[in-house]
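Chemist: please work out how this folds:
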Amino acid sequence: MGQRSPPKGFVCYSHVDQAWLKRLQVHLKPLVRDGSLFLWSDTQIKSGQNWKAEIERQLNECDYAILIVSADFRASEFIAKIELPKLLASSLN
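Modeler: Predicted structure coming up:
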(Lines give C-alpha, C1' and ligand atoms only; values in the text may rest on other atoms or scores of the structure.)
Protein backbone atom coordinates (compact mmCIF):
# COMPACT_ATOMS: atom_id res chain seq x y z
CA MET A 1 0.00 0.00 0.00
CA GLY A 2 1.23 3.49 -0.83
CA GLN A 3 1.79 6.08 1.82
CA ARG A 4 -1.09 8.54 2.13
CA SER A 5 -0.48 12.25 2.44
CA PRO A 6 -1.53 13.74 5.78
CA PRO A 7 -4.61 15.96 5.84
CA LYS A 8 -3.66 19.52 4.93
CA GLY A 9 -4.74 22.28 7.29
CA PHE A 10 -5.02 26.01 6.64
CA VAL A 11 -4.67 28.38 9.59
CA CYS A 12 -6.79 31.50 9.20
CA TYR A 13 -5.83 34.29 11.62
CA SER A 14 -5.17 38.00 11.94
CA HIS A 15 -1.50 38.98 11.93
CA VAL A 16 -2.18 40.79 15.19
CA ASP A 17 -2.75 37.33 16.69
CA GLN A 18 0.57 35.87 15.55
CA ALA A 19 1.46 34.93 19.15
CA TRP A 20 -1.62 32.65 19.19
CA LEU A 21 -0.52 31.13 15.88
CA LYS A 22 2.86 30.30 17.38
CA ARG A 23 1.20 28.65 20.41
CA LEU A 24 -1.03 26.60 18.09
CA GLN A 25 2.01 25.47 16.11
CA VAL A 26 3.73 24.34 19.31
CA HIS A 27 0.67 22.34 20.39
CA LEU A 28 0.36 20.62 17.01
CA LYS A 29 4.09 20.08 16.41
CA PRO A 30 4.05 16.41 17.55
CA LEU A 31 1.32 15.62 14.99
CA VAL A 32 3.15 17.50 12.25
CA ARG A 33 6.43 15.82 13.15
CA ASP A 34 4.99 12.30 13.01
CA GLY A 35 3.24 13.02 9.70
CA SER A 36 -0.32 12.84 11.06
CA LEU A 37 -1.15 16.26 9.67
CA PHE A 38 0.21 19.09 7.59
CA LEU A 39 -0.37 22.61 8.84
CA TRP A 40 -0.02 25.67 6.60
CA SER A 41 -0.07 29.35 7.49
CA ASP A 42 0.97 32.42 5.54
CA THR A 43 4.22 32.50 7.52
CA GLN A 44 5.40 29.84 5.04
CA ILE A 45 5.18 32.20 2.08
CA LYS A 46 8.69 32.75 0.76
CA SER A 47 10.14 36.10 -0.18
CA GLY A 48 9.32 36.90 -3.80
CA GLN A 49 6.28 34.62 -3.94
CA ASN A 50 2.98 36.10 -4.98
CA TRP A 51 1.42 36.00 -1.50
CA LYS A 52 -2.18 36.37 -2.65
CA ALA A 53 -1.86 33.60 -5.25
CA GLU A 54 -0.20 31.31 -2.70
CA ILE A 55 -2.97 31.89 -0.16
CA GLU A 56 -5.55 31.12 -2.88
CA ARG A 57 -3.70 27.93 -3.79
CA GLN A 58 -3.55 26.80 -0.18
CA LEU A 59 -7.24 27.60 0.33
CA ASN A 60 -8.07 25.43 -2.69
CA GLU A 61 -5.92 22.52 -1.50
CA CYS A 62 -6.71 22.40 2.22
CA ASP A 63 -8.69 19.58 3.80
CA TYR A 64 -9.59 21.54 6.94
CA ALA A 65 -9.14 24.97 8.48
CA ILE A 66 -8.29 26.20 11.94
CA LEU A 67 -9.64 29.67 12.69
CA ILE A 68 -8.00 31.76 15.39
CA VAL A 69 -10.97 34.01 16.06
CA SER A 70 -10.50 37.36 17.80
CA ALA A 71 -11.80 40.89 17.40
CA ASP A 72 -8.95 41.54 14.97
CA PHE A 73 -9.86 38.41 12.99
CA ARG A 74 -13.47 39.60 12.73
CA ALA A 75 -12.33 43.10 11.69
CA SER A 76 -10.04 41.86 8.90
CA GLU A 77 -11.33 42.73 5.43
CA PHE A 78 -9.08 40.12 3.80
CA ILE A 79 -10.37 37.35 6.04
CA ALA A 80 -14.00 38.45 5.65
CA LYS A 81 -13.91 38.92 1.89
CA ILE A 82 -11.34 36.37 0.67
CA GLU A 83 -10.53 33.60 3.14
CA LEU A 84 -13.82 32.93 4.97
CA PRO A 85 -16.05 32.80 1.87
CA LYS A 86 -13.66 30.33 0.23
CA LEU A 87 -13.42 28.17 3.35
CA LEU A 88 -17.18 28.19 3.91
CA ALA A 89 -17.89 27.35 0.26
CA SER A 90 -15.42 24.46 0.45
CA SER A 91 -17.08 23.08 3.57
CA LEU A 92 -20.37 22.79 1.70
CA ASN A 93 -18.90 20.50 -0.97
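Chemist: CA atoms for contacts and neighbours, from now on please.
Modeler: OK.
Chemist: strands of the protein, start to end?
Modeler: Assigned by DSSP state E, the chain shows strands spanning 8-12, 38-40, 64-67.
Chemist: including distance to residue 57, could these go into TSV?
Modeler: Formatted as TSV, the strands of the chain follow (distance: least, Cα to Cα, whole Å):
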stretch	distance to residue 57
strand 8-12	11
strand 38-40	11
strand 64-67	14
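Chemist: now render the ones you listed as a markdown table, adding mean neighbour count.
Modeler: Output for the strands of the chain, formatted as a markdown table (neighbours: other Cα atoms under 10 Å):
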| stretch | mean neighbour count |
| --- | --- |
| strand 8-12 | 20 |
| strand 38-40 | 20 |
| strand 64-67 | 16 |
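Chemist: can you tell me, leaving aside adjacent residues, what's nearest to residue 58?
Modeler: Nearest residue to residue 58 in three dimensions, chain neighbours excluded: residue 10, at 7.0 Å (Cα to Cα, 6 or more residues apart in numbering).
Chemist: actually, residue 69.
Modeler: Setting aside the residues directly before and after it, residue 69 is nearest to residue 13 in space (Cα to Cα, 6+ apart), at 6.8 Å.
Chemist: so that neighbour touches residue 73, yeah?
Modeler: Yes. With contact defined as Cα atoms under 8 Å, residue 13 counts as touching residue 73 (5.9 Å).
Chemist: out of these two, which sits in the busier spot?
Modeler: residue 13 (23 against 19; other Cα atoms under 10 Å).
Chemist: residues contacting that one?
Modeler: Counting by Cα atoms under 8 Å, 6 or more residues apart in numbering, residue 13 touches 21, 67, 68, 69, 73, 79.
Chemist: quick one: pLDDT of the nearest residue to the third one once chain neighbours are set aside?
Modeler: By that I understand residue 68. Once flanking residues are discounted, residue 68 sits nearest to residue 13: 5.0 Å by Cα to Cα, 6+ apart. Listed pLDDT for residue 13 reads 98.
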